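Q: for reference, the sequence and a predicted model appear below.
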Amino acid sequence: MPPTIAIVGRPNVGKSTLFNRLTGKRAALVSDVPGLTRDRREGEARIGGHAVRLIDTAGLEEAAPGSIAARMRAQSEAAIAGADLVLFVLDARDGVVPADAAFARMVRNWGRPAVLIANKCEGRAGSEGFYDAYRLGLGEPIAISAEHGEGLADLVAAMVGALGLQCVRKRKDEDAAEPNEKDGAAAAYPIRLAIVGRPNIGKSTLVNALLGEERMITGPEPGLTRDAVAIDFGWGGRPVRLIDTAGLRRKARVTESAEKLAAGDAVRAIRFAEVVVLVIDAEHPFEHQDLTIGALVAEEGRALVVAVNKWDLVADKPKRLNELRATSEEKLAQVAGVSLVAVSALAGLGLERLMREVVRSYEIWNRRVPTGDLNRWLGEALARHAAPAAKGRRVKVRFMTQASSRPPTFVAFCARAEALPRAYLRYLTNSLRQAFDLPGVPIRIKLRRGDNPFAPRRR
Ligand code: GDP
């Protein structure tokens with residue numbers, strides 16, 4: 001079954017034009033299902049060599065002039081729910097209007113991968129709206145003109161990229177199981193959790209201790225190996241979905257090949273997860289393999305919590321904890337401030353705290369920093385340490401905005417972005433982490449050329 005891509009946005013932003021562009025002549029009106037689907041068009045397209053199914057939600061435009069009528073909303077939600085990827089379209093000439101923000105919220109609530117499209121950017125039109133689009137929290141906008149066929153190569157690249165990710169993040173199978181998602185209630189989503197670590201570190205013991213009796217095994221997850229299972233359980237009223245790729249519920253037999261296999265499983269589990277618990281051994285902490293896995297979690301942009309297991313075997317506990325804290329700050333600097341939780345999986349100790357940190361880390365990972373606060377901080381950070389001069393001229397960061405969360409990702413606009421030293425970017429990242437209390441999650445700052453796109457309106 002080819003991936004399904006839904007085109008979503010308020011009326012008149014150019015959804016149908018884009019649909020026609022992408023499908024060519026293959027579009028067909030869907031008429032077989034009464035009700036919701038009556039108003040939507042469905043067509044096939046090839047995107048970067050892959051067959052895809054496109055859904056256009058434009059059918060209700062006349063029914064909902066200027067507002068999100070209930071039917072349009074239901075229609076869009078249904079399309080998003082069934083989609084592997086959402087193309088969110090806005091009219092860059094209008095900028096972000098309240099209806100765009102409402103639709104964007106809907107897309108974010110469903111948690112589907114999305115590509116943000118600033119349409120009607122032909123010529124030099126729409127540049128204000130293009131920058132404005134960053135505010136929607138759906139990542140970086142792609143400037144296109146569906147009408148004139150401009151920017152489509154960028155769009156296709158973004159779609160292929162997003163679908164690649166999609167292969168492991170597909171959520172289709174969950175729809176029936178999770179009617180609550182329709183309310184957009186974040187708390188109704190299970191936190192996707194992976195428990196990773198070296199062989200014999202105590203992962204299986206920890207998983208079994210966490211699961212206790214309350215569990216439901218939901219069967220194979222798409223995008224994972226056939227014997228991967230998702231285990232749903234609750235912790236303090238919070239649904240959690242544990243991704244078990246390595247057969248953690250079984251006692252692992254460790255042979256060399258099993259070890260190799262487990263490494264591949266860890267990668268898959270990390271990609272699939274939102275929060276990763278890295279289990280390390282209190283007696284032999286932060287070994288090479290532990291750090292490799294920790295770095296991978298950061299690279300993949302996941303929230304991290306470190307479980308320091310076999311704590312029952314540690315003699316001088318306070319001393320060991322201090323050592324561990326210092327070592328983690330040094331060796332896991334990408335996720336500075338990461339929580340270390342001492343546990344004994346065998347004795348079932350420390351599990352409450354571990355899960356509390358998992359939830360906290362998940363919340364930090366989802367956090368959004370208001371643009372005003374961000375730029376006030378930026379002003380102070382720049383005043384404290386100006387960016388060093390490159391070739392006699394200072395590089396000035398003019399403006400920052402948070403482009404997305406999960407993990408927190410920021411865009412910094414500056415002239416001569418390429419000349420900004422990495423060390424300075426690290427300084428900004430650390431300062432930002434402290435200022436907005438974002439410990440234990442990777443933070444991304446992307447540099448873009450240009451001035452503060454909002455400046456003209458603020459004057
Ligand atoms: P996995 O390969 O990471 O899944 O590791 P296992 O869960 O199979 O555990 C490996 C060994 O460590 C087993 O003999 C466990 O009984 C032991 N173990 C696990 N957790 C603890 C703990 O908290 N304290 C102690 N002392 N031993 C533990």
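A: The structure has been received and is ready for your questions. Residues are numbered from 1 along each chain as shown.

Q: need the outlier residue of this structure, farthest from its centre.
A: residue 315 (40.0 Å; CA atoms, centre = their mean).

Q: hey, where'd the helices end up in this protein?
A: 15-23, 70-81, 98-110, 127-132, 152-169, 203-211, 256-272, 288-299, 317-331, 351-365, 371-384, 422-435, 455-458 (DSSP state H).

Q: name the helices or strands packed onto the first one?
A: So the one you mean is helix 15-23. Judged by 3 or more CB pairs under 8 Å, 6 or more residues apart in numbering; DSSP states H and E, helix 15-23 is in contact with strand 4-8, strand 41-47, strand 50-56, strand 85-91, strand 114-119. Placement of C-beta: from N, CA and C, glycine included.

Q: just give the closest residue to residue 279, not the sequence neighbours.
A: residue 197 (3.5 Å; CB to CB, 6 or more residues apart in numbering).

Q: picking up where we left off before, quick one, phi/psi of the residue farthest from the centre of the chain?
A: phi -80, psi -60 (degrees, to the nearest 10).

Q: what's the answer for residue 420, then?
A: phi -80, psi 120.

Q: was I right about it contacting residue 426?
A: No - under the criterion of CB atoms under 8 Å, residue 420 makes no contact with residue 426, lying 10.9 Å away.

Q: these two - which one has more neighbours?
A: residue 420 (21 against 12; other CB atoms under 10 Å).

Q: for the nearest residue to the more buried one once chain neighbours are set aside, what are its contacts?
A: In this structure, residue 420 finds its nearest non-sequential neighbour in residue 395, 4.8 Å apart by CB to CB, 6+ apart. The contact partners of residue 395, by CB atoms under 8 Å, 6 or more residues apart in numbering, come to 387-389, 414-417, 419-420.

Q: for residue 197, same thing?
A: So residue 197 contacts 203, 278-280, 290, 293, 309 (CB under 8 Å, 6+ apart).

Q: near residue 152, how many other residues are there?
A: Neighbours of residue 152 using other CB under 10 Å come to 16.

Q: care to break the chain down by domain?
A: Segmentation of the chain into domains, based on automatic domain parsing, reads 4-177, 181-365, 371-449.

Q: going by mean pLDDT, which of the ones you listed comes out lowest?
A: When the domains of the chain are ranked by mean pLDDT, domain 4-177 comes last with a mean of 75.

Q: what's the burial count for the residue nearest to residue 445 when sequence neighbours are not counted?
A: Nearest non-adjacent residue to residue 445, counting by CB to CB, 6+ apart: residue 410, 4.8 Å away. Neighbourhood size, residue 410 [other CB under 10 Å]: 21.

Q: the ligand contacts on this structure?
A: 197, 199-205, 248, 251-252, 309-310, 312-313, 344-346 (CB under 6 Å from any ligand atom).

Q: narrow the residues you listed to just the buried residues.
A: 197, 201-205, 248, 252, 309-310, 344-345 (16 or more other CB atoms under 10 Å).

Q: any idea how far residue 93 is from the ligand?
A: To the ligand, residue 93 is 56 Å away according to CB to the nearest ligand atom, to the nearest Å.

Q: residues touching residue 353, list them.
A: 341, 343.

Q: how close does it get to the ligand?
A: Separation of residue 353 from the ligand (CB to the nearest ligand atom): 14 Å.

Q: and for residue 330, the neighbour number?
A: Residue 330 has 10 nearby residues by other CB under 10 Å.

Q: before we move on, back to that, out of the helices of the chain, which comes closest to residue 193?
A: Set against residue 193 and scored by CB to CB, those come closest in helix 351-365, at 6.3 Å.

Q: all set, thanks.
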